[in-house]
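A.B. asks: Whatever this is, show me its structure:
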Amino acid sequence: MGKVVETMTAVVVITSLLALAPAAGAGTTKYAGTLRTIDTTKGSLVLDDVGPWVGKTESPITPRTVIVSPSTEYFVADRAKDGATGYPGDYVETKAQLADVKVGAFVSVECQREGGRCTALKLVVVRPSQP
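C.D. replies: Have a look, this model is predicted:
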């Protein structure tokens with residue numbers, strides 16, 4: 001019986017690791033922070049990535065250059081006022097355009113890593129207004 005439990009545990013662990021593999025292998029990365037610059041002629045932007053909290057009063061800020069392409073999707077995330085999502089104060093995303101993205105906004109970017117470049121797949125302007 002002990003051998004069966006060990007085998008089943010190993011299968012569960014391996015299956016869990018394989019489930020994570022496509023995300024890691026896909027080369028996608030997420031950044032979030034304040035948008036520092038937008039250069040529409042070069043098709044790039046720089047954001048001050050806040051990164052994960054590291055247990056200090058201030059997390060280190062890292063400038064991240066992100067390429068925007070014709071396939072980049074843009075959204076604006078606002079607080080839901082009606083609770084239609086089932087969670088009061090939840091964020092609701094609506095489609096947007098690059099023109100809706102302004103310097104100084106807080107953004108979340110999902111990128112595809114390609115060598116040393118990071119090309120935006122999805123960019124969300126987050127508006128932290130209260131419901």
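A.B. asks: Any idea how far stretch 116-131 is from the middle of the chain?
C.D. replies: Relative to its parent chain, stretch 116-131 has a centroid offset of 7 Å by Cα atoms, centre = their mean, to the nearest Å.
A.B. asks: Report the mean per-residue pLDDT for that stretch.
C.D. replies: The pLDDT scores in stretch 116-131 average 84.
A.B. asks: Give me the contacts around it.
C.D. replies: With Cβ atoms under 8 Å, 6 or more residues apart in numbering as the test, stretch 116-131 has contacts from 28-29, 31-32, 45, 64-69, 71-81, 88-89, 91, 93, 96, 100-102, 105-112. Any C-beta I mention is one placed from the backbone N, CA and C, and that applies to glycine too.
A.B. asks: Pull out the buried residues from that stretch.
C.D. replies: Going by neighbour count (16 or more other Cβ atoms under 10 Å), the buried part of stretch 116-131 is 118-121, 123-126.
A.B. asks: Export only the CA atoms of that stretch, formatted as CSV.
C.D. replies: Extracted C-alpha coordinates of stretch 116-131, given in CSV (Å, rounded to 0.1, in the frame of the first residue of the first chain):
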residue,chain,number,x,y,z
GLY,A,116,16.9,40.3,-25.2
ARG,A,117,13.6,41.8,-26.4
CYS,A,118,10.2,41.9,-24.7
THR,A,119,7.3,42.3,-27.1
ALA,A,120,3.9,43.3,-25.5
LEU,A,121,1.1,40.8,-26.0
LYS,A,122,-1.3,42.6,-23.7
LEU,A,123,-1.0,46.0,-22.0
VAL,A,124,-3.6,47.0,-19.3
VAL,A,125,-3.9,50.6,-17.9
VAL,A,126,-5.0,50.1,-14.3
ARG,A,127,-7.2,52.9,-12.8
PRO,A,128,-7.3,52.2,-9.1
SER,A,129,-10.4,54.3,-8.5
GLN,A,130,-12.7,53.3,-5.7
PRO,A,131,-16.1,51.7,-6.5
